[in-house]
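Asks: Predicted model and sequence follow; I will ask about them next.
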Amino acid sequence: MAELENLLENIFRSVNIALVNEIAGLCDRMGEVNMWEVVEAAATKPFGFMPFYVVEAIQRVLTDRGSQSAIGSRVLILGAAFKKM
């Protein structure tokens with residue numbers, strides 16, 4: 001049971017990452033479409049959509065540590081994952 005739970009969790013995360021990457025690429029190719037506005041619009045629907053606002057968490061970390069503003073900053077994130085405890 002625990003192994004299947006872990007497998008489901010990993011597949012869920014991988015599929016969501018791939019989906020958002022594809023949507024981001026599509027929005028970029030369309031030119032005038034802001035991906036974050038699409039995510040915010042989708043989050044208003046009652047169909048179980050789960051927005052994961054990683055950008056806001058990064059902004060908080062930069063601010064809490066007294067670093068410069070996230071606006072205009074270059075940030076590299078490697079191996080980031082989220083798992084609610």
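Replies: In hand now; what should we look at?
Asks: Downstream of the longest helix along the chain, the next helix or strand is which one?
Replies: Taking DSSP state H as the criterion, the chain has its longest helix at helix 2-30. Going down the chain from helix 2-30, the next helix or strand is helix 35-43, by DSSP states H and E.
Asks: Can you tell me which helices and strands that following helix packs against?
Replies: Contacts defined by 3 or more Cβ pairs under 8 Å, 6 or more residues apart in numbering; DSSP states H and E place helix 35-43 against helix 2-30. Where you see a C-beta, it was placed from the backbone N, CA and C, and this is true even at glycine.
Asks: per-residue confidence averaged over stretch 48-67?
Replies: In this model, stretch 48-67 carries a mean pLDDT of 75.
Asks: buried stuff in it?
Replies: Neighbour-count burial for stretch 48-67, counted by 16 or more other Cβ atoms under 10 Å, picks out 59, 62.
Asks: how about residue 51, secondary structure?
Replies: Of the three states, residue 51 takes coil according to DSSP: H, G, I helix; E, B strand; the rest coil.
Asks: what stretches of the protein score poorly on pLDDT?
Replies: Within the chain, the stretches with pLDDT under 70 are 67-70, 77, 80-85.
Asks: could you give the angle of the longest helix of the chain to helix 35-43?
Replies: Here helix 2-30 runs at an angle of 130 degrees relative to helix 35-43 (axes from the mean of the first three to the mean of the last three Cα atoms, to 10 degrees).
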